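Student: Any chance you can model this:
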Amino acid sequence: MRRAAAAAAVAPADPQLLAAAFESAIASRSPRLGRAAHARALRLIAPALPPFICAHLVNLYSKLDLPAAAAAALASDPHPTVVSYTAFISGAAQHGRPLPALSAFAGMLRLGLRPNDFTFPSAFKAAASAPPRSTIGPQIHSLAIRFGYLPVDPFVSCAALDMYFKTGRLKLARHLFGEMPNRNVVAWNAVMTNAVLDGRPLETIEAYFGLREAGGLPNVVSVCAFFNACAGAMYLSLGEQFHGFVVKCGFEMDVSVLNSMVDFYGKCRCAGKARAVFDGMGVRNSVSWCSMVAAYAQNGAEEEAFAAYLGARRSGEEPTDFMVSSALTTCAGLLGLHLGRALHAVAVRSCIDANIFVASALVDMYGKCGCVEDAEQIFYETPQRNLVTWNAMIGGYAHIGDAQNALLVFDDMIRSGETAPNYITLVNVITSCSRGGLTKDGYELFETMRERFGIEPRTEHYACVVDLLGRAGMEEQAYEVIQGMPMRPSISVWGALLGACKMHGKTELGRIAAEKLFELDPQDSGNHVLLSNMFASAGSWVTWKNVVHVFRAKDTKHEMYNEIQALLSKLRKQMQAAGYMPDTQYSLYDLEEEEKESEVFQHSEKLALAFGLICIPPGVPIRIMKNLRICVDCHRAFKFISGIVGREIIVRDNNRPEVSRIQLGGVDRKTLY
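Tutor: Predicted coordinates for the structure are as follows:
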């Protein structure tokens, strides 16, 4: 800084020393010193600056991202050169202003100036931001061929190649790549990095091996692209082997490579290995900490992720958009609303709350924490929304089962034209319909998603629609949907069907779903519990006047439901007065203790008993058949009820020849096996 100031202050009329002053200002990233050097040049060199100094001024203001000053410097040059125009085009393209860059390129051609091998790459970079159907890129390509730069110049060829990939013209990109006589590592990297960005990890891996087969040596960019591809394809074994190669070749000393390794292990569900790489890093940067936070967040380790965020702050790292958005994801998983609000304050204080990634994470966090009003406020105040923002808002409504608002936002998304829905959008909308009871709307969306949005139904959509139909009591139709799936049904699909069968007592269909689940994941105890709960709540029955009356746990469909509940309520008070306490150890496992006490009094055998007490005349034994063994609580309860009402109660297990006879007074007189 001091050296640059000195150069600007004492530089005589020598243009070379003035040029050195401009370069010093660029190196120190100081617009103030650059303007001071400019002012001194105007004072010392009059009446007009030579083209040499004008080119340096254009370069100065372009690299310091001062577009108005750069344009003024270029316009003030009476005899601009290719160097001046190239500096302006390069600066505008580098700082995300493609239109001024392309306009300057066209103006340069009108003046009859011939672009060089530095001009074309900058023009291609600007053209990479053009719409996919724009002809600007191919026109520049044709010009580069005419001037002899394509396909022989590797620098220009790589820029054109990257442009075609960025604008989605894969066929043209591959054709150009095939024509290149000298494919250097930069060209191979262009193929690899763009394939990763476009979600084509296998193409990245193939390109890497193509580079090696051609005798090329990978660099840091190649290595990072390979790890990113392994992460995208979930190729854990291949990535681990590549890790060994990286260590052997000495790339493990590069912080960018190590960051890619942390990201790779995190996305491959190996948070522990990601931490091992992170702990072994001699030097860490902001990306290192962000990658570690994300690795934990992606693997459901929300507490560790938030601890990593705090570690980053303690180490002196300033909060970045990626770091804060990742940490907000952990708050959503922890339902840590107070932590989320604290991070929201950090984002506001750091002036990154308007960042689209942070805003989307805030919408997601507030939605998942149940604060939909806060999510709505951020959503509607965000000046620009991307696909993640829309999905987060729809997902927030889905989380609370607000199907109406989810559909309204989905319709707004379609009408706005800001972005097209993707498969996650439709998962959220169908889920909201499922939880909100809009079965027809959700099923219609599932049926038309291919035609309306060009989205092929994935396993996640089938799981959602099975849940949608199952919640509506349409398990048979849900089973038909499963049978028509073009791919193998997943655990989530069969799990949705099993949950629906448990909810509505469809034991036979539930048994089929359970068997499929056991085939896919025999070690998951949750499936066994769900099946057991389903059977435990499946049914009891009692016969009266040659009619079999079937009852299931929590059954509300019987025509005498109100009378049955009234009698059970009366009996429960009388039993409690006599010393009865509910035994909940064998109730459904997925309930809280208070719910269990209420739930056990809705067991199917108690409902059947209440019906028998209402309908069967006094003196006639009440005989109840049950598909499973009577639970301990019902056995004890029947003893109390027998004594209270003075009736003989007989319960038979349908699976074993076991009869429990409960006689008057609550005394077991006979148990037959």
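Student: which stretches of this protein have low pLDDT?
Tutor: 1-13, 46-47, 332-336, 521-539, 541, 543-548, 555, 583-600, 625-631, 652-673 (pLDDT under 70).
Student: In it, which helix is the longest?
Tutor: Longest helix in the chain, counting residues (DSSP state H): helix 561-577.
Student: buried sites along that helix?
Tutor: Neighbour counts over helix 561-577 (16 or more other C-beta atoms under 10 Å) mark Ile564, Leu567, Leu568, Leu571, Arg572, Met575 as buried. From N, CA and C alone the C-beta is placed, and that goes for glycine too.
Student: now stretch 261-271
Tutor: Result for stretch 261-271 [16+ other C-beta under 10 Å]: buried residues Met261, Val262, Asp263, Phe264, Tyr265, Gly266, Lys267, Cys268, Cys270, Ala271.
Student: again, but for stretch 234-248
Tutor: Buried, per 16+ other C-beta under 10 Å, within stretch 234-248: Tyr235, Leu236, Gly239, Phe242, His243, Val246.
Student: For Asp374, state which of those residues is nearest.
Tutor: Nearest to Asp374, judged by C-beta to C-beta, of the buried residues of stretch 234-248 is Leu236 at 38.2 Å.
Student: Contact partners for that closest one?
Tutor: For Leu236, the contact set (C-beta atoms under 8 Å, 6 or more residues apart in numbering) comprises Cys230, Cys268, Arg269, Cys270.
Student: the helices in the stretch 501-650 of the chain, which residues?
Tutor: For the stretch 501-650 of the chain, the helices defined by DSSP state H, counting those that start in this stretch occupy 507-520, 525-536, 561-577, 593-600, 604-615, 632-645.
Student: Over to the stretch 51-200 of the chain?
Tutor: Ranges of helices within the stretch 51-200 of the chain are 51-63, 67-75, 82-94, 98-110, 119-127, 136-146, 154-166, 170-179, 185-197, based on DSSP H, counting those that start in this stretch.
Student: who's in contact with Gly137?
Tutor: Residues in contact with Gly137 (C-beta under 8 Å, 6+ apart) are Phe124, Ala127, Ala128, Ala130, Ala160, Met163, Tyr164, Thr167, Arg169.
Student: separation between the second one and Arg114?
Tutor: In this structure, Ala127 and Arg114 are separated by 18 Å, where distance is defined by C-beta to C-beta, to the nearest Å.
Student: Between these two, which has more neighbouring residues?
Tutor: Shown here are Ala127 and Arg114; by other C-beta atoms under 10 Å, Ala127 has more neighbours (27 against 10).
Student: any idea how far the closest residue to that one other than its chain neighbours is from Pro98?
Tutor: Using C-beta to C-beta, 6 or more residues apart in numbering and skipping residues adjacent in sequence, the residue nearest Ala127 is Gly137, 4.1 Å away. Remark: distance between Gly137 and Pro98 (C-beta to C-beta) = 11 Å.
Student: Touching both of these two, which residues are there?
Tutor: Here Gly137 and Pro98 have Ala127, Ala128, Ala130 as joint contacts, going by C-beta under 8 Å, 6+ apart.
Student: just checking, the first one touches Thr135?
Tutor: No - if you go by C-beta atoms under 8 Å, Ala127 and Thr135 don't touch, sitting 9.8 Å apart.
Student: list the buried ones in stretch 194-204?
Tutor: Using 16+ other C-beta under 10 Å as the test for burial, stretch 194-204 gives Asn194, Ala195, Val196, Arg200, Pro201, Glu203, Thr204.
Student: hang on, the earlier thing: output the buried residues of stretch 234-248 as TSV; include the columns distance to Ser315 and secondary structure.
Tutor: Formatted as TSV, the buried residues of stretch 234-248 follow (distance: C-beta to C-beta, whole Å; DSSP: H, G, I helix; E, B strand; the rest coil):
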residue	distance to Ser315	secondary structure
Tyr235	32	coil
Leu236	29	helix
Gly239	27	helix
Phe242	29	helix
His243	25	helix
Val246	25	helix
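Student: Please tabulate these in CSV, including the columns distance to Ala225.
Tutor: Converted to CSV, those look like this (distance: C-beta to C-beta, whole Å):
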residue, distance to Ala225
Tyr235, 13
Leu236, 17
Gly239, 12
Phe242, 11
His243, 15
Val246, 13
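Student: if we take those residues, which one ends up nearest to His399?
Tutor: Among the buried residues of stretch 234-248, and counting by C-beta to C-beta, the member closest to His399 is Leu236, at 31.1 Å.
Student: now that closest one: how far from Phe242?
Tutor: From Leu236 to Phe242 the distance is 11 Å (C-beta to C-beta).
Student: Find residues that contact each of those two.
Tutor: Contact criterion C-beta under 8 Å, 6+ apart; residues bridging Leu236 and Phe242 by contacting each: Cys230.
Student: quick one, what contacts Leu377?
Tutor: Wrong residue type there; residue 377 is Gln, not Leu. So Gln377 contacts nothing (C-beta under 8 Å, 6+ apart).
Student: ok, now which ones touch Ala127?
Tutor: By C-beta under 8 Å, 6+ apart, the neighbours of Ala127 are Pro98, Leu102, Ser134, Ile136, Gly137, Ile140, Met163, Thr167.
Student: Apply 6 Å and report the result again.
Tutor: Residues near Ala127 by C-beta atoms under 6 Å, 6 or more residues apart in numbering: Ile136, Gly137, Ile140, Met163.
Student: ok, of those residues, which come out buried?
Tutor: For these, buried by 16+ other C-beta under 10 Å: Ile136, Gly137, Ile140, Met163.
Student: Out of the helices of the stretch 501-650 of the chain, which gets nearest to Asn355?
Tutor: helix 525-536 (38.8 Å).
Student: Would you enumerate the residues in contact with Phe88?
Tutor: Counting by C-beta under 6 Å, 6+ apart, Phe88 touches Val58, Ser62, Ala70, Leu74, Ala104.
Student: Reformat these as JSON lines; add distance to Val185 and neighbour count.
Tutor: Below are these laid out as JSON lines (distance: C-beta to C-beta, whole Å; neighbours: other C-beta atoms under 10 Å):
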{"residue": "Val58", "distance to Val185": "32", "neighbour count": "31"}
{"residue": "Ser62", "distance to Val185": "28", "neighbour count": "28"}
{"residue": "Ala70", "distance to Val185": "32", "neighbour count": "26"}
{"residue": "Leu74", "distance to Val185": "34", "neighbour count": "23"}
{"residue": "Ala104", "distance to Val185": "30", "neighbour count": "29"}
